[in-house]
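Undergrad: I need the structure of the sequence given here:
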Amino acid sequence: MATVINDTQHVQVEAALDDRWLMGADAFESLTGWTLKPEGMCRADVCAPIYRKAAVLPEPGMIDLVEAAPVIGLSAVVDVARGVAALGASAASRGDSMTTLQAPSFTLPDMHGKPVSLHDFDRRKVLLLAWSSW
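TA: Have a look, this model is predicted:
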């Protein structure tokens, strides 16, 4: 078993962790929502063609997570030795969202522990300061 972390969850998946991260098509579908079909990777009525089939589908019924992630618009980082992978939005899609100048909605505790959401300040200017000890 291996762990995959994405924007909304972390799940345990069955994966072959030799020198690549290979997983079955069913596990890939349950993780990402994309189904392997003859026309490519599909979700609902959208299909993304697989141009490098030998890299994405190295063995019958197996999908290489690192090679398949860009096909569906994601970035993947894996640590095969520790059995952990992370999936996130691609740099291109994050860059596109930044051109709108709209911050994503989020909620964090204030100095007194009370949850405060960005949308609580709707239509007012907000200065966000971030600091980290590391």
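Undergrad: Where does the prediction get shaky in this structure?
TA: 9, 14-15, 90, 93 (pLDDT under 70).
Undergrad: Skipping adjacent residues, who's closest to Ala103 in space?
TA: Leu118 (5.9 Å; Cβ to Cβ, 6 or more residues apart in numbering). Where C-beta positions appear, they are placed from N, C-alpha and C, glycine not excepted.
Undergrad: I misspoke; the intended subject was Ala68.
TA: Here the residue nearest Ala68, using Cβ to Cβ, 6+ apart, is Val56, at 5.0 Å.
Undergrad: Who are the contact partners of the one you found?
TA: Contacts for Val56 (Cβ atoms under 8 Å, 6 or more residues apart in numbering) come out as 50, 63-64, 67-68, 71.
Undergrad: who wins for most neighbours among those residues?
TA: Ile63 (29 neighbours; other Cβ atoms under 10 Å).
Undergrad: what's the spacing between that one and Ala69?
TA: Using Cβ to Cβ, to the nearest Å, Ile63 is found at 10 Å from Ala69.
Undergrad: ok, Ala89 - contacts?
TA: Per Cβ under 8 Å, 6+ apart, neighbours of Ala89: 7, 73-75.
Undergrad: Now render the residues you listed as JSON lines, adding distance to Glu29 and secondary structure.
TA: Converted to JSON lines, these look like this (distance: Cβ to Cβ, whole Å; DSSP: H, G, I helix; E, B strand; the rest coil):
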{"residue": "Asp7", "distance to Glu29": "17", "secondary structure": "coil"}
{"residue": "Gly73", "distance to Glu29": "16", "secondary structure": "coil"}
{"residue": "Leu74", "distance to Glu29": "14", "secondary structure": "strand"}
{"residue": "Ser75", "distance to Glu29": "19", "secondary structure": "strand"}
